[in-house]
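K.L.:
structure for the following, please:
(chains A and B)
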There are 2 protein chains.
Amino acid sequence: MYANNMISILNYYTTRFGELWEQSLFDLVEETVHRVLEQAGIDKQQIDAIFFANMLAGVLENNLHSPSKIAEIMKVNIPIFRVEAACASGGAAFHLAKNYLENHQEKTVLVVGAEKMTDYSPEETTIALSSAASGEEQEAGLTFPGLYAMIANYYLEKYHYTEESLAYVSVKNHFHGSLNDKAHFRKKITIKDVLTSPYIAYPLKVLDSSPISDGASAIVLSNNKSLIKKRKHFVSVLGSELATDSISLSKRKRLDEIPATKIAAEKVFKKTKLERKQINIAELHDCFSIAEILAMEDLGFWEKGKGGKRIKELSTMYGSGGKLITNTSGGLKAAGHPVGATGIKQIGEIFLQLTNQATNRQVKNAHYGLAHNVGGSGGTAVVTMLGI
Amino acid sequence: MYANNMISILNYYTTRFGELWEQSLFDLVEETVHRVLEQAGIDKQQIDAIFFANMLAGVLENNLHSPSKIAEIMKVNIPIFRVEAACASGGAAFHLAKNYLENHQEKTVLVVGAEKMTDYSPEETTIALSSAASGEEQEAGLTFPGLYAMIANYYLEKYHYTEESLAYVSVKNHFHGSLNDKAHFRKKITIKDVLTSPYIAYPLKVLDSSPISDGASAIVLSNNKSLIKKRKHFVSVLGSELATDSISLSKRKRLDEIPATKIAAEKVFKKTKLERKQINIAELHDCFSIAEILAMEDLGFWEKGKGGKRIKELSTMYGSGGKLITNTSGGLKAAGHPVGATGIKQIGEIFLQLTNQATNRQVKNAHYGLAHNVGGSGGTAVVTMLGI
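P.N.:
Numbering: from 1, shown residues only, chains lettered A, B, ... in the order given. Next up, the predicted model:
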């Protein structure tokens, strides 16, 4: 790495997440790319490469080879890469974009994530999402709610918690979603709402689960010193680590942790020399409520097994006065989960917070933030560290 | 780039290409990864990252998130990335692997490509492949034979050639395939065979077209000096350039060239300071016979419009005494075209040639070789330069 090669996020734009039936996948990409460049005052001719995250367009709409389709929209001939790692596609694309800049001086790239999921029946989309699970799990009829339900059952029983602990995750993240005008769900919910919502895979209920959403998000990433200097707002990328693990739950030693998260987190904290207590904000991969509790433990913020108790303190909620506020975007739960866009939106939310652009959900004096993006039931994890 | 950071190919292994009904996608990956490491005497613990190329597993068998499935097979937790750029997936994965090593010293990575295409009806596979075309082209019912047929018609009419010119590409590449025991087709064919084979999209016939194949290929890529020193055979990666272009043929200025190939070639020749006449061997993306003729012109080996004449000299055939021999593997036409594997096999064939391991098709005194990998009808092109 060049000693002088600090990589910075110069801008972030996201579409609203939700049921965007009026826009196709590449309509969303076009809007996002256009707006993120326009807002930053950067011309497309200044972009040297694009990293694009998308999971399902091949399966759902026979739509592959997105690099050439983005080249067509933008009328450019630059290198464009599509990266896919299920729900961690955005984090993986960002990781490779950072790596690209570490090796190219004075360049600027776009990292774009997009997904179109609501034009199909929920059954079609759920089956398409199960493509991220192992062949054996698919054959057994397990979809992701089922896999995370197994993890949740194991955790609740081992550490003697009830479903009420899980409900606090959703209540917090829906409160945050109510403050984010780009969120899929902007309605506050109560513990009772969660506990009385229908089961989809015991002990997980509808209100423990992130929705099926459309959306696109984009980041301008640069190590071009003169471009960085011109920007009023920018955030430094301090680290990004990606780890993998066996996708099959049956191949894991225990079900109360996500080893890929632990490995990626250990590496990124070691390389950045930051301590857990220095992190002010984090976007966590709460595809299901249980996942946020495991994430807080596996990232090293909470002791293993204590998360079911700690979440009930709500010290990670905006306005609580806690030292670490999580998922201010609303998380996957309330902001929505258009798979390819999710990892980009997480990093984008940290950018907004660290640059004091998070409006009515602005956490005060935030200096360091972390984004945590997971693929499938933990087969891939990416932890990205940002600072100002 | 580190001045001292020369990246070398340490080994290459490929499965046979063909109808491999006994092996699943990940069976092929497992065989390939195991064999390429075993032959090189490298332990999987010495591998720092994996770049995996695959196009169709999502569409054809609802199989995504391959990084976690490779992690499961190999029992590792290292960074693994899936890259997709239609038929250029292999070249794109290699490009990103090279970029990764340029930024990480003393590391070793695997680049693996695999595709499983023959378990489905040809119609299913052809429709899946059309995912690489634009939405408008798909809606118009155009598949890839149709798109390349439009290009072939335009070229033959503009420069006053007949279908006979195209046939020479297939005859040459089938002769090379007859010398390669990993090739899908090992039968020599004649000009008459090609000209009397059935049309699939006028003027392209069955014997102008690469087949639907299964297969997997892997390369060990390293900048670990002590590992490189230990190897009897290794090849240096001199350059790799990737360019994109509008995927829709209707958005191109002319149909007798592939601009993405021209852009990538100009860049790689400029950066490596090599001249065309220094290249001894090349693997070209001959998905259809016309594509090899355009490639020779767009790469700068033949003057634009002269290819229809030059190919009939057969100076690029093994044993001709020509200064540049092309597609000694048999090309996509005869060696087969398991999409994700193709770009890796091309680079692997150059590795075999440059290290004098190409047995009965060994080109003498080959010092520089080039691999040319195209996605779709030219929406992506990757040109990789190797030397010894």
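K.L.:
does the residue of the stretch 1-150 of chain A found nearest chain B belong to a helix or a strand, and which?
P.N.:
Closest to chain B within the stretch 1-150 of chain A is A:Ser68: 2.3 Å, counting by Cβ to the nearest Cβ. The way it works is simple: take the backbone N, C-alpha and C, and place the C-beta from them, glycine included. Using DSSP states H and E, A:Ser68 maps to helix A:66-74.
K.L.:
which regions of chain A sit below the pLDDT cut-off?
P.N.:
By pLDDT under 70, the weakly predicted segments of chain A are A:1-5.
K.L.:
let's check: the centremost residue of it is which one?
P.N.:
The centre of chain A sits closest to A:Gly343, judged by Cα atoms, centre = their mean, with a distance of 3.2 Å.
K.L.:
wait, is that one part of a helix?
P.N.:
Yes - counting by DSSP: H, G, I helix; E, B strand; the rest coil, A:Gly343 is part of a helix.
K.L.:
state the distance from the residue nearest to A:Glu283 when sequence neighbours are not counted to B:Phe26.
P.N.:
Leaving aside its chain neighbours, A:Glu283 sits nearest to A:Gln346 (3.6 Å; criterion: Cβ to Cβ, 6 or more residues apart in numbering or on different chains). From A:Gln346 over to B:Phe26 the distance is 30 Å, taken as Cβ to Cβ, to the nearest Å.
K.L.:
which bits of the stretch 101-250 of chain A sit near chain B?
P.N.:
A:102-103, A:127-128, A:130-135, A:138, A:242-248 (Cβ under 8 Å from any Cβ of the partner chain).
K.L.:
now, of the residues you listed, which are buried?
P.N.:
Buried by 16 or more other Cβ atoms under 10 Å in any protein chain shown: A:102-103, A:127-128, A:130-135, A:138, A:242-248, out of these.
K.L.:
so which of the residues you listed sit within helices?
P.N.:
A:Glu102, A:Ile127, A:Ala128, A:Gly135, A:Gln138 (DSSP state H).
K.L.:
thought the last one was touching B:Asn62?
P.N.:
Right, the one you point to is A:Gln138. Yes - counting by Cβ atoms under 8 Å, B:Asn62 is a contact partner of A:Gln138 at 7.1 Å.
K.L.:
got any residues that touch both of those two?
P.N.:
Residues touching both A:Gln138 and B:Asn62 (Cβ atoms under 8 Å, 6 or more residues apart in numbering or on different chains): A:Ser130, A:Ser131.
K.L.:
hey, where'd the strands end up in chain A?
P.N.:
Taking DSSP state E, the strands of chain A run over residues A:8-14, A:49-53, A:80-84, A:108-115, A:199-201, A:204-205, A:215-222, A:235-244, A:281-283, A:325-326, A:368-375, A:380-387.
K.L.:
possible to save those as JSON lines with distance to B:Phe175?
P.N.:
Listed next are the strands of chain A as JSON lines, based on distance: least, Cβ to Cβ, whole Å:
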{"stretch": "strand A:8-14", "distance to B:Phe175": "54"}
{"stretch": "strand A:49-53", "distance to B:Phe175": "39"}
{"stretch": "strand A:80-84", "distance to B:Phe175": "36"}
{"stretch": "strand A:108-115", "distance to B:Phe175": "44"}
{"stretch": "strand A:199-201", "distance to B:Phe175": "58"}
{"stretch": "strand A:204-205", "distance to B:Phe175": "61"}
{"stretch": "strand A:215-222", "distance to B:Phe175": "48"}
{"stretch": "strand A:235-244", "distance to B:Phe175": "43"}
{"stretch": "strand A:281-283", "distance to B:Phe175": "58"}
{"stretch": "strand A:325-326", "distance to B:Phe175": "64"}
{"stretch": "strand A:368-375", "distance to B:Phe175": "45"}
{"stretch": "strand A:380-387", "distance to B:Phe175": "44"}
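K.L.:
before we move on, the earlier item: contacts only, for the residue nearest to A:Glu283.
P.N.:
With Cβ under 8 Å, 6+ apart, A:Gln346 has these contacts: A:Gly90, A:Gly91, A:Glu283, A:His285, A:Ser329, A:Ala371, A:His372, A:Asn373, A:Thr384.
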